[in-house]
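Prediction below, plus the sequence it came from.
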Amino acid sequence: MDALMLSRIQFGFVISFHIIFPALSIGLASWLMFLEWRWLRTREQAWMDLYNFWLKVFAISFGMGVVSGIVMSFQFGTNWAQLSERAGNILGPLLSYEVLTAFFLEAGFLGVMLFGRDRVRPWVHFFATCMVAIGTLISTFWIIAAISWMHTPQGHALGADGVFVPADWWAIVFNPSFTWRLPHMVLAAFITTCLVIGGTAAWHLRRGLHAALAARTLKLSVAFGAVAVPLQVLVGDQHGLNTLAHQPIKVAAMEAHWRHGPPGEGVPLVLFAVPNQKAERNDYEIAIPRGASLILTHSWSGEITPLTAVPPQDRPPVAPVFYAFRVMVGLGFLMLALVAASAWAWWRGRLLQATAVLRGWQLMSASGFVALLAGWYVAEIGRQPWVVYGLLRTADAVSPGLAGGTVLASLLGYAAAYAVIFGAGIWYLWRLLHKGPQPKEQAPDAGQGRKTPARPLSAADEKDIAQGGAA
């Protein structure tokens with residue numbers, strides 16, 4: 001547990017917390033844009049009730065995403081100074097573009113979106129919601145561009161001092177893995193949000209709460225999932241083929257493929273095994289002959305680069321990549337089965353009465369987060385031992401002279417702070433989702449001797465405050 005290992009653990013810990021909140025925010029922002037558009041078209045109060053409810057969830061997840069994102073940026077200076085020094089000419093501008101074009105856009109219109117409902121015209125408020133939704137997607141664009149460049153670097157020159165110098169920004173941004181990584185991430189965020197929304201609606205339906213709103217929400221979730229989940233399977237397949245072309249050792253770790261077999265035998269698809277990295281083999285292997293050849297090369301006897309094609313020090317940790325990939329793929333197929341069963345029940349007119357389907361949505365409501373994290377671990381652990389693939393090792397990117405005790409102290413501090421802050425935030429989100437959408441409350445009647453408050457919090461009387469404290 002030296003400074004390098006502790007820094008990697010700390011970065012993995014922080015980013016694991018961070019990624020789940022922006023993913024939810026990306027999906028919820030577009031969901032809110034759809035709900036408000038439907039309200040403007042129909043003027044049905046049901047659409048506005050749904051909008052007001054999910055707006056609260058969005059505000060909390062957005063706030064927690066900002067907090068965890070700020071912490072992440074500190075680590076580039078404290079723990080990864082060599083990465084900042086050598087790749088800062090490329091990563092710095094990309095992250096700055098994210099702030100200038102996306103975060104400022106989101107922050108600028110977020111206030112109108114959250115507090116301007118009764119202060120601006122409806123179309124102005126809808127425009128603010130659209131700007132926030134677009135801002136989350138632009139933010140994703142720049143973040144994925146930076147991450148993708150670290151996986152498939154191009155468009156740079158390498159100075160004599162080992163510093164990366166930008167030579168072609170177009171090539172840097174639209175690097176080889178960016179084309180498939182961006183839609184894969186955006187679809188993952190949308191599907192994650194869809195499962196949360198659909199799972200919440202199923203929970204309310206099973207308990208007879210908000211039946212009309214929950215039924216509408218579940219049908220929308222099924223309709224979106226029936227399109228997005230199969231599309232994600234296709235995008236994921238293309239992303240895998242792209243990874244095979246540019247990071248073949250990562251794919252070898254995903255498949256736990258150690259060495260070539262006899263000529264013409266192809267590559268088996270390993271369903272389960274215990275990768276033994278020291279002995280360069282799989283223990284307790286269960287595999288389908290030629291399965292990986294068909295999936296990865298679309299050929300009966302196709303071959304892929306094995307792990308033994310590179311020295312041991314150039315191989316990623318195989319076990320976590322192997323298992324995380326199977327978790328991601330397994331959950332993906334469960335999602336596909338869920339939306340297929342839901343669409344079939346809907347077609348038969350039994351969606352709202354299908355107990356097994358509703359229970360499935362409940363059980364799968366958090367599966368998007370698990371699949372998202374598993375996919376992230378496959379991408380980032382599978383890139384090791386490189387932080388800039390093939391050019392800069394992770395061991396050479398850590399801050400020089402960094403003491404392991406210092407990193408351990410900060411890691412424990414992060415863990416304690418996150419347990420309190422995010423524990424409370426997640427608990428509040430859980431309570432909010434279980435409560436569900438509430439009908440629009442009537443404003444106080446100024447004609448009954450009670451002044452309309454200038455500040456929202458001043459509208460609460462003593463009874464309201466007491467009830468809030470009890471809650």
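Arrived safely, thanks for sending. Residues are numbered from 1 along each chain as shown.

What mean pLDDT does whatever helix or strand Met33 lives in get?
Per DSSP states H and E: Met33 is located in helix 3-42. Mean pLDDT, helix 3-42: 90.

Just to be sure, Ile286 is in a helix?
No: counting by DSSP: H, G, I helix; E, B strand; the rest coil, Ile286 is not part of a helix but strand.

for the helix holding Met33, packing partners?
Packing partners of helix 3-42 (3 or more Cβ pairs under 8 Å, 6 or more residues apart in numbering; DSSP states H and E): helix 45-78, helix 122-151, helix 178-206, helix 367-381, helix 404-435. Heads up, the C-betas are built off the backbone N, CA and C, glycines and all.

mind checking which of those helices is nearest Glu285?
helix 367-381 (19.6 Å; Cβ to Cβ).

Can you tell me what sits against the helix or strand just after that closest one?
Later in the chain than helix 367-381, the nearest helix or strand by DSSP H and E is strand 386-388. Contacts to strand 386-388, defined as Cβ atoms under 8 Å, 6 or more residues apart in numbering, come from residues Trp80, Leu83, Arg86, Ala87, Met150, Pro153, Phe164, Leu392, Arg393, Thr394, Ala397.

strands paired with strand 386-388, and their directions?
Looking at strand 386-388 with DSSP bridges, its partner strands are strand 392-393 (antiparallel).

tell me the mean pLDDT over the partner strand?
Mean predicted confidence for strand 392-393 is 92.

Ok, stretch 351-365 next?
On average, stretch 351-365 scores 92.

okay, how far is it across it, tip to tip?
17 Å (Cα to Cα, to the nearest Å).

next one: stretch 198-213
11 Å.

For it, buried residues please.
Gly198, Gly199, Thr200, Ala201, Ala202, Trp203, His204, Leu205, His210, Leu213 (16 or more other Cβ atoms under 10 Å).

which of the residues in stretch 75-84 are buried?
For stretch 75-84, using 16+ other Cβ under 10 Å, the buried residues are Gln75, Phe76, Asn79, Trp80, Ala81, Gln82, Leu83, Ser84.

scratch that, stretch 216-232 is what I was asking about
Counting neighbours by 16+ other Cβ under 10 Å, the buried set in stretch 216-232 is 216-222, 224-226, 228-229, 232.

List just the nearest of those residues to Gly401.
Nearest member of these to Gly401, counting by Cβ to Cβ, is Gln232, at 44.1 Å.

what sits against the closest one?
Contacts of Gln232 by Cβ under 8 Å, 6+ apart are His184, Leu187, Ala188, Ile191, Gly332.

go again using 7 Å as the cut-off
Applying Cβ atoms under 7 Å, 6 or more residues apart in numbering to Gln232 gives the contacts Leu187, Ala188, Ile191, Gly332.

you'd agree the second one is up against Val370?
Just to be clear, that refers to Ala188. No: applying Cβ atoms under 7 Å as the test, Ala188 and Val370 come out as separate, 11.3 Å apart.

who's more crowded, those two?
Ala188 (26 against 15; other Cβ atoms under 10 Å).

So what's the residue count around the residue lying closest to that one once chain neighbours are set aside?
In this structure, Ala188 finds its nearest non-sequential neighbour in Leu372, 5.3 Å apart by Cβ to Cβ, 6 or more residues apart in numbering. By the other Cβ under 10 Å criterion, the neighbourhood of Leu372 contains 22 residues.

still on that earlier bit, what's the closest of the helices and strands packed on helix 3-42 to Gly266?
Closest among the helices and strands packed on helix 3-42, using Cβ to Cβ: helix 367-381, at 22.8 Å.

still on that earlier bit, which of the helices and strands packed on helix 3-42 sits most buried?
Of all the helices and strands packed on helix 3-42, helix 178-206 has the most neighbours on average by mean count of other Cβ atoms under 10 Å, namely a mean of 23.

Name the next helix or strand downstream of that one, please.
That would be, after helix 178-206 and using DSSP H and E, helix 211-246.

who are the neighbours of the next helix or strand after that next one, in terms of helices and strands?
Using DSSP H and E, the helix or strand that follows helix 211-246 in sequence is helix 248-255. Secondary-structure packing of helix 248-255 (3 or more Cβ pairs under 7 Å, 6 or more residues apart in numbering; DSSP states H and E): helix 211-246, helix 318-347.

Dump those helices to JSON lines, plus mean pLDDT and distance to Val387.
As requested, the helices and strands packed on helix 248-255 are exported to JSON lines (pLDDT from 0 to 100; distance: least, Cβ to Cβ, whole Å):
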{"stretch": "helix 211-246", "mean pLDDT": "93", "distance to Val387": "16"}
{"stretch": "helix 318-347", "mean pLDDT": "95", "distance to Val387": "16"}
